[in-house]
Structure formats: C-alpha cells, structure tokens
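Visitor: Need the 3D shape of this:
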Amino acid sequence: MKRDLNADIAWTDVDGPPEQRTRAYKWYPLSYPVLERWSFSGDNTRSQYAFATIVHFGGRFGGPLARHWLATAIDRNPNGVTLTLPGESDPGYPAFIRAMGLSDPAARDAAARRAVPHLDRDTIYPTFDQLLVRSLGMDAMPALEASAATADDARLSALSMVLPIDYSLKPNDRPADVTGLEARAEAAAQRLNSGTPVPTPTQSPRDAAVYNAVVALNAGDTRGLPLLRTIADGDLRRLNVGLFSPDLLAVAVAFPNSRFARGCLAYDVLRGGSYFERDDQHDAQMPPGSIAGWQAWLATYPDHPGADDAAYWLGRAQQDSGRRVDAMATYADALERHLGDGDMRYSLWRRLLFLLDVGSSERDLATFVERHPSSPYVPLVQYARAVRRARANDFVTASTFGSDRSFAAAIYRLPEIYNARDVLDRYHAQRERWEALATDDPDPNHPSLAARDRLASAWSDDDGWKIGYLVLFEDTREGGAMPWDHPEYPWPELARTAQAANQNAQTIALAKPLTEPSVPADMRQRNQRRIVTALYKQQTEFYDDERYMMGALTSLPASVGNDSSLYQINDANEITRQYDDIDAWWARQTIVEAERYATEYPNDDFAATALLSAYEVTGRTQYLREIIARYPDGSRTDEARALLWRATTPRT
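Guide: Predicted coordinates:
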C-alpha cells in the first residue's frame with residue numbers, strides 16, 4: 001500500500017511531527033481515487049485502511065470527498081464488503097457520522113432512503129446498504145416503514161436482516177394482531193423460506209404446548225404440570241424446544257425423582273458442576289470427566305436435552321487420553337444423530353474441524369476411514385487427508401484423494417455449512433491449485449532449487465494460505481489454526497501439524513535452505529526477504545494463539561531463538577511465562593533475519609522495511625534511528641521519523 005501511495009496518509013496526520021502534517025493534507029486529495037478503489041476491493045486490509053483514512057480526513061476537512069464516497073458506496077451497494085460500519089452505541093459512530101456529512105437528522109434520513117431500495121434478500125453476505133441501514137439504527141426506521149408499506153415479501157424479508165429483532169421470542173409470544181414492521185418482516189422471511197431455517201424459531205403446536213408449559217412453570221404457573229410430568233419420565237426429546245437452563249431447572253425442581261432430573265444429577269457428578277450452570281462448558285482447563293462414565297450416561301439418557309453436552313465431553317475425554325480417532329467418531333455421531341437440544345452442536349462441529357485440521361495425525365485420519373467406512377463424514381475425512389498431503393507439498397497424492405461428488409453431497413447435507421456453494425467453489429479452486437503445483441516437481445522430498453523457490457513463492461503470496469487451508473472453516477480460520485486448544489493439548493505432534501498448516505511457517509521452511517551461500521545470489525536475496533516478511537506477518541497479522549500452538553519453528557536455528565541476550569520479555573507472571581517465551585523466540589528470529597537482510601543488502605529498498613519490522617516486533621527505537629541515518633531519502637524514512645516522534649515525545 002505504501003508503495004502504491006508513495007506515502008502513508010493516516011500515520012503522518014495522526015502521529016507524525018508537525019512539519020509532516022501539511023504534506024498529508026496535500027497527499028489525501030491526490031490519493032483519494034486509490035483509496036476509493038481499495039475500499040471496494042474486497043481485500044480486508046486495504047478496505048479497512050482506506051475506510052479509516054477517508055473517515056479521518058473527512059472529519060478534518062468537512063467531508064466533501066467522504067460524502068462523495070458514501071453516495072458512491074450506497075449506489076454501488078457492493079456485496080460481501082469487509083468494512084465494519086460503527087453502530088449508534090460504538091465509540092467511532094460520532095466520527096463516522098461527522099465525516100460522512102450525516103450530523104443532520106435529515107441527512108441521515110436521506111441516506112437511509114437512498115439505501116433501503118437496494119436491500120436484497122438473495123445474498124449470503126451483507127451488502128453495504130444493509131450495513132449502513134443497520135448502522136443508522138432508529139434513524140433508518142422512517143425510510144424502512146415507508147418502503148415496507150407497499151413492499152413485496154422479498155423486501156420485507158430483507159428487512160429482517162437489519163431490524164433489531166428479538167430472536168429469543170417465540171411466535172406464540174406475539175399477539176395475533178401484531179402488524180408492526182418487525183413482525184411483518186419475520187412473517188415474510190418464513191413465507192419465502194418455506195420450511196428452511198429462519199432467524200425466528202418456528203414451532204409445531206405440539207412443541208409450542210411444551211414450550212409454553214415450561215416457561216409458564218418457571219413463572220409460577222402450574223397449569224402445564226400434567227403434560228410435563230409425562231414428558232419428564234417419558235420421551236425427553238420433547239424438551240428440545242429451545243428452552244434455556246432456568247426453564248429446564250424448573251422442570252427438574254418440579255419433578256425431582258423424574259428420569260429427566262436423575263439424568264441431570266448424573267451429569268453433575270460426571271462433570272463436577274451443575275448441568276444448569278454451563279458457562280464453563282468450553283473451559284479447556286476443566287477436567288472433562290471419564291470416558292466410561294460419559295458412555296454409560298449416553299446409553300442411559302440418549303434422549304436427554306444434555307446428550308449433546310455429554311457427547312462433547314466424551315469426545316474431549318477421548319482426545320485428552322490420546323484416543324483421537326474415537327473422539328472424531330463421537331463428534332461425528334453426535335452431529336449425525338442430532339443429539340440433545342443442540343446448544344453444543346457448534347462446539348461439536350468445531351472440535352471435529354480441529355481434529356481434521358491439525359489435532360490428529362494422518363494415520364488417525366486413515367484409521368477413521370478404515371473403522372467407519374459407512375460414516376457420512378468419510379468424504380470430509382478423505383478431504384482432510386488430501387489437505388495434509390498438500391501441506392507436505394505432495395500435490396500428486398493430494399489430487400487423488402476422495403471424490404468431488406461425495407464431498408459435495410456431504411457438504412450439502414451439513415447444517416453447519418452455511419454456504420455450500422461457496423465452500424465448493426473454494427474446494428475446486430484449491431484442487432486446481434494443487435494440480436498446477438503437482439506438475440512442477442514430481443518429488444516433494446527432493447525438490448530442485450528452482451522448484452523449491454517456486455514453492456516458496458506459491459506459499460508466500462497473498463493467496464498462499466489457500467494451499468493448505470481446510471475450506472470447511474468457511475473463512476473463519478483466516479489462514480491459520482484457531483485456538484481451540486492451548487499448548488497443554490496432550491499431543492506432542494500438535495506443533496508439527498500446526499506448522500505444516502501455517503502459510504508463514506511453510507514459507508520459512510522452504511525459503512531457509514535457499515539463503516545459503518551456495519544458492520544463486522538473486523534467489524538467495526528474495527528468499528531472505530520472504531523469511532523477514534513471513535516472521536513479521538505471523539506476529540502482526542495472525543492470531544497469537546496460532547503462534548503459541550506452533551511454538552518454535554523447526555526450520556530456524558534454536559540457538560537464535562533461545563538467545564536471551566537478543567531480546568527478553570521481563571514479566572513476572574508465571575501464568576503467561578510460556579507465552580512470553582514463545583513471543584520472545586519469534587522476536588529474536590525477526591531481529592537476526594532483519595539485521596541480516598539490512599547487512600547483506602544495504603542498498604536495497606526493502607532493507608529499511610526489514611529494520612522497520614524489527615522495530616514493530618521489539619519496540620526498539622534504535623531501528624528507527626538506523627533507518628533515518630542510513631536512508632535519509634528512503635521510502636520508509638518519513639514513517640520512521642513519525643514513529644520515532646511518537647515513541648519519544650511525551651504526551652500531555
């Protein structure tokens with residue numbers, strides 16, 4: 001971005017020394033066309049950067065360009081935007097309103113009226129106008145009401161995506177004659193979806209009777225006791241109607257000797273806490289309970305609302321005892337059978353994804369297929385095996401695993417997959433990438449220098465994370481393993497599988513051998529640059545937990561990572577010590593690799609960037625002073641001066 005702009009606008013005006021600020025005012029109008037293009041690019045980094053800059057300078061200059069940008073955004077109404085528009089209660093809302101010329105209520109109403117006609121229910125991801133209407137909140141209500149007066153079902157259904165609807169209410173909680181916009185929007189969404197899930201839960205009369213009886217009981221109304229007495233000692237699945245813990249507790253209290261209450265007590269004994277106080281259900285530090293105990297509980301109470309919770313803890317106990325294949329089977333079975341009331345379904349799915357992604361070995365995945373060949377989750381496991389081969393840069397084998405047709409069938413039947421079409425598109429794009437890489441070098445264990453350089457290039461580019469990304473995450477993993485477990489996860493191989501899954505670790509492992517003196521000079525230089533960039537990106541753009549999961553990279557020298565004289569985090573907190581040690585390891589490697597680049601290639605433009613990355617990781621101003629002294633007219637020197645001014649100037 002800085003290269004395209006030849007300057008960074010935001011830091012110069014906000015944190016730069018006074019003599020630089022006038023230049024920022026000149027740069028902004030000249031750079032606005034670039035910023036506008038970036039804001040609609042779909043690139044999260046560029047769009048957020050451009051949006052923040054437009055808002056900042058719009059507030060400074062009264063916003064003529066910002067108002068132009070807002071009108072353009074409303075009319076273009078891009079789909080799947082990555083911008084985050086502040087809401088009325090957000091701290092950044094006043095600045096956004098001021099910058100966009102929306103301080104006057106009439107201007108906000110005009111913007112809403114311009115945006116509302118563009119609302120479209122046929123999109124999975126939010127459009128800009130949906131975000132804007134939601135951001136304007138109650139100021140958008142007159143425009144929404146006016147539009148909805150004669151709107152068709154499609155428009156009304158779209159409004160349900162932006163209105164502040166209370167999804168906890170059941171249809172039977174609403175008076176039959178409600179004609180408000182909110183109720184009409186929900187009704188339209190239900191008509192259009194005609195049986196598919198909609199935001200507001202729907203109930204059959206039979207389920208509604210159970211729901212009303214339980215809620216009434218919790219409020220002191222006992223008229224539903226005869227019905228609930230039958231259920232509490234009979235088919236407990238009838239309690240799976242969207243009830244909350246306090247409501248279910250009322251049933252257990254009313255019928256303390258019932259089968260439902262006995263199941264709750266048995267759950268308490270296994271879990272070491274009340275079934276009705278489940279705020280700690282995701283706590284990785286809580287002991288999950290015994291495998292045999294949970295298996296016996298599920299055999300006795302398979303229809304209990306807590307059956308999905310019990311399956312979750314059974315799987316956790318199996319994981320923690322090293323029985324990862326059994327854990328996969330438990331999670332998959334619970335998902336397939338729709339156990340319990342469903343409040344743990346998301347956690348079951350994410351645990352299964354963790355095992356498919358990095359929490360198990362390739363042998364574990366193969367064993368699952370051998371033991372459970374008829375499981376509907378086999379296509380997903382086979383796909384995970386293909387991803388593991390791609391992470392080993394064995395693209396020939398990766399391209400042969402599984403069946404496209406069976407994978408597609410599995411995806412479409414999973415309620416956890418919100419957009420099967422997008423997942424399949426990414427799946428096919430990934431396999432095409434593998435097939436292209438497979439033709440480059442047939443031996444992943446002994447690649448030639450040129451082939452290794454091309455692999456390092458493929459992994460390090462902007463889309464390199466897609467090579468080893470499990471598309472089942474639907475973009476939530478952001479190119480790295482999410483922190484579903486901490487370094488205490490009892491499997492020594494986790495660090496290795498996490499490194500194989502990580503774009504930056506892959507880049508460094510491929511690039512490091514190409515920085516040896518025997519390698520051609522141009523190849524050596526670009527791979528040294530890749531190492532510096534990958535180290536910096538991992539510490540500034542990826543989840544901290546992913547770094548903690550990977551730990552110390554095996555591809556970089558341990559002597560550097562363990563050299564406390566290079567860098568040390570002085571924190572007396574023993575709880576965070578293990579994380580501080582990992583952070584220090586990465587910072588030390590960055591120091592050495594950045595200084596190496598600046599020393600070996602002092603006249604290269606990237607040398608200053610390398611030193612700047614060392615500053616941003618360590619906070620040491622010596623690197624800023626070195627940039628200013630060595631490159632007085634360099635492309636990063638103004639930024640170094642601004643950062644040094646900010647770091648050394650007392651704030652009042």
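Visitor: hey, C-alpha coordinates of stretch 415-426 in CSV?
Guide: Below are the C-alpha coordinates for stretch 415-426, written out as CSV (Å, rounded to 0.1, in the frame of the first residue of the first chain):
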residue,chain,number,x,y,z
PRO,A,415,-26.4,-27.7,8.6
GLU,A,416,-23.1,-26.4,9.9
ILE,A,417,-22.1,-25.3,6.4
TYR,A,418,-23.9,-22.0,5.8
ASN,A,419,-23.0,-21.6,2.2
ALA,A,420,-22.3,-24.9,0.5
ARG,A,421,-21.8,-23.3,-2.9
ASP,A,422,-19.0,-21.0,-1.7
VAL,A,423,-17.3,-23.9,0.1
LEU,A,424,-17.4,-26.0,-3.1
ASP,A,425,-16.1,-23.1,-5.2
ARG,A,426,-13.1,-22.8,-2.8
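Visitor: for the helix or strand hosting residue 383, packing partners?
Guide: Assigned by DSSP states H and E, residue 383 falls within helix 378-391. Counting contacts by 3 or more Cβ pairs under 8 Å, 6 or more residues apart in numbering; DSSP states H and E, helix 378-391 packs against helix 345-357, helix 362-371, helix 395-398, helix 404-412, helix 420-438, helix 494-501. Glycine gets a C-beta too; all of them are placed from N, C-alpha and C.
Visitor: Okay, angle between the fourth one and helix 420-438 too, please.
Guide: Taking axes from the mean of the first three to the mean of the last three Cα atoms, to 10 degrees, helix 404-412 and helix 420-438 form an angle of 140 degrees between their directions.
Visitor: how about helix 404-412: buried residues?
Guide: By 16 or more other Cβ atoms under 10 Å, the buried positions in helix 404-412 come out as 407-408, 410-411.
Visitor: Likewise for stretch 635-652?
Guide: Neighbour counts over stretch 635-652 (16+ other Cβ under 10 Å) mark 636-645 as buried.
Visitor: What about those, which are in helices?
Guide: Secondary structure from DSSP state H places 637-645 of the buried residues of stretch 635-652 in helices.
Visitor: ok, of those residues, which one's closest to residue 300?
Guide: Taking Cβ to Cβ as the measure, residue 300 sits nearest to residue 643 out of those, at 63.5 Å.
Visitor: Can you verify residue 552 is assigned to a helix?
Guide: No: counting by DSSP: H, G, I helix; E, B strand; the rest coil, residue 552 is not part of a helix but coil.
Visitor: Need the max-distance pair from the buried residues of helix 404-412.
Guide: Farthest apart among the buried residues of helix 404-412 by Cβ to Cβ are 408 and 410. That separation is 7.3 Å.
Visitor: what about residue 208, helix or strand, and which?
Guide: Going by DSSP H and E, residue 208 is in helix 205-218.
Visitor: Rounded mean pLDDT for the helix or strand just after that helix, please.
Guide: Counting by DSSP H and E, the next helix or strand C-terminal to helix 205-218 is helix 225-232. Averaging pLDDT along helix 225-232 gives 94.
Visitor: If you count contacts, what does helix 225-232 end up packed against?
Guide: Secondary-structure packing of helix 225-232 (3+ Cβ pairs under 8 Å, 6+ apart): helix 205-218, helix 245-254, helix 259-271.
Visitor: Of all the residues in the helix holding residue 208, which ones are buried?
Guide: Applying 16+ other Cβ under 10 Å to helix 205-218 flags 207-218 as buried.
Visitor: Just put those residues in a markdown table and tack on pLDDT and distance to residue 323.
Guide: Formatted as a markdown table, the buried residues of helix 205-218 follow (pLDDT from 0 to 100; distance: Cβ to Cβ, whole Å):
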| residue | pLDDT | distance to residue 323 |
| --- | --- | --- |
| 207 | 82 | 37 |
| 208 | 79 | 42 |
| 209 | 86 | 42 |
| 210 | 88 | 37 |
| 211 | 86 | 38 |
| 212 | 85 | 43 |
| 213 | 89 | 41 |
| 214 | 91 | 37 |
| 215 | 86 | 40 |
| 216 | 88 | 44 |
| 217 | 91 | 41 |
| 218 | 88 | 39 |
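Visitor: low-confidence ranges in the stretch 451-600 of the chain?
Guide: 474-490, 572, 574-575 (pLDDT under 70).
Visitor: can you map out the strands along it?
Guide: Taking DSSP state E, counting those that start in this stretch as the criterion, the stretch 451-600 of the chain carries no strands.
Visitor: domain parsing for this protein?
Guide: The chain breaks down into these domains under automatic domain parsing: 2-150, 513-648.
Visitor: circling back: show me how far the helix holding residue 383 is from its chain's centre.
Guide: Distance, stretch centre to chain centre, for helix 378-391: 21 Å (Cα atoms, centre = their mean, to the nearest Å).
Visitor: who's in contact with the closest residue to residue 631 other than its chain neighbours?
Guide: Nearest non-adjacent residue to residue 631, counting by Cβ to Cβ, 6 or more residues apart in numbering: residue 608, 4.9 Å away. Neighbour list for residue 608: 598, 627, 630-631, 634-637, 640 [criterion: Cβ atoms under 8 Å, 6 or more residues apart in numbering].
Visitor: mind listing what's buried in the longest helix anywhere in the chain?
Guide: Longest helix of the chain, by residue count under DSSP H: helix 577-600. Residues 579, 581-595, 597-598 are the ones in helix 577-600 that count as buried (16+ other Cβ under 10 Å).
Visitor: Packing partners of that helix?
Guide: helix 521-540, helix 544-550, helix 558-561, helix 606-618.
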